[in-house]
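[1] when you get a sec, could you give me coordinates for this:
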Amino acid sequence: MDFVNYVEKVSGVDIYGLTSFMIFFVFFIVIGVWAFKADRKVIDHLSNLPLNTDSENL
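    This next block holds a predicted model:
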């Protein structure tokens, strides 16, 4: 028996897929808006974090 058969037997399972999609979509939009509105210095600092070996970034 496939997993799909188990899922089809659960009542209201379609709302879980829709809810998870909406959470992902809202998160994606919020991150996109933040990326466009963020200060360039903040973006440069965050992009250099993995490359810095200074102890102050730990």
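[2] which outside residues touch stretch 20-40?
    Under the criterion CB atoms under 8 Å, 6 or more residues apart in numbering, residues I43 lie in contact with stretch 20-40. Any C-beta I mention is one placed from the backbone N, CA and C, and that applies to glycine too.
[3] let me see the mean pLDDT of it.
    Mean per-residue pLDDT for stretch 20-40: 94.
[4] measure Y16 to R40 for me?
    Distance check for Y16 against R40: by CB to CB, to the nearest Å, it reads 40 Å.
[5] show me which helix runs longest in the protein.
    What stands out as the longest helix in the chain, according to DSSP state H, is helix 14-37.
[6] for it, list the C-alpha coordinates in PDB.
    Extracted as PDB, the C-alpha positions of helix 14-37 are listed here (Å, rounded to 0.1, in the frame of the first residue of the first chain):
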ATOM      1  CA  ASP A  14      -5.900  19.100   1.700                       C
ATOM      2  CA  ILE A  15      -5.800  22.000   4.200                       C
ATOM      3  CA  TYR A  16      -2.300  20.900   5.400                       C
ATOM      4  CA  GLY A  17      -0.900  21.300   1.900                       C
ATOM      5  CA  LEU A  18      -2.500  24.600   1.400                       C
ATOM      6  CA  THR A  19      -1.400  25.900   4.800                       C
ATOM      7  CA  SER A  20       2.200  24.800   4.300                       C
ATOM      8  CA  PHE A  21       2.200  26.500   0.900                       C
ATOM      9  CA  MET A  22       0.900  29.700   2.300                       C
ATOM     10  CA  ILE A  23       3.400  29.700   5.100                       C
ATOM     11  CA  PHE A  24       6.300  29.200   2.600                       C
ATOM     12  CA  PHE A  25       4.900  31.900   0.300                       C
ATOM     13  CA  VAL A  26       4.500  34.500   3.000                       C
ATOM     14  CA  PHE A  27       8.000  33.700   4.300                       C
ATOM     15  CA  PHE A  28       9.400  34.100   0.800                       C
ATOM     16  CA  ILE A  29       7.700  37.400   0.200                       C
ATOM     17  CA  VAL A  30       8.800  38.800   3.600                       C
ATOM     18  CA  ILE A  31      12.500  37.800   3.000                       C
ATOM     19  CA  GLY A  32      12.300  39.300  -0.500                       C
ATOM     20  CA  VAL A  33      11.000  42.600   0.800                       C
ATOM     21  CA  TRP A  34      13.600  42.600   3.500                       C
ATOM     22  CA  ALA A  35      16.400  42.000   1.000                       C
ATOM     23  CA  PHE A  36      15.300  44.900  -1.200                       C
ATOM     24  CA  LYS A  37      14.900  47.300   1.700                       C
END
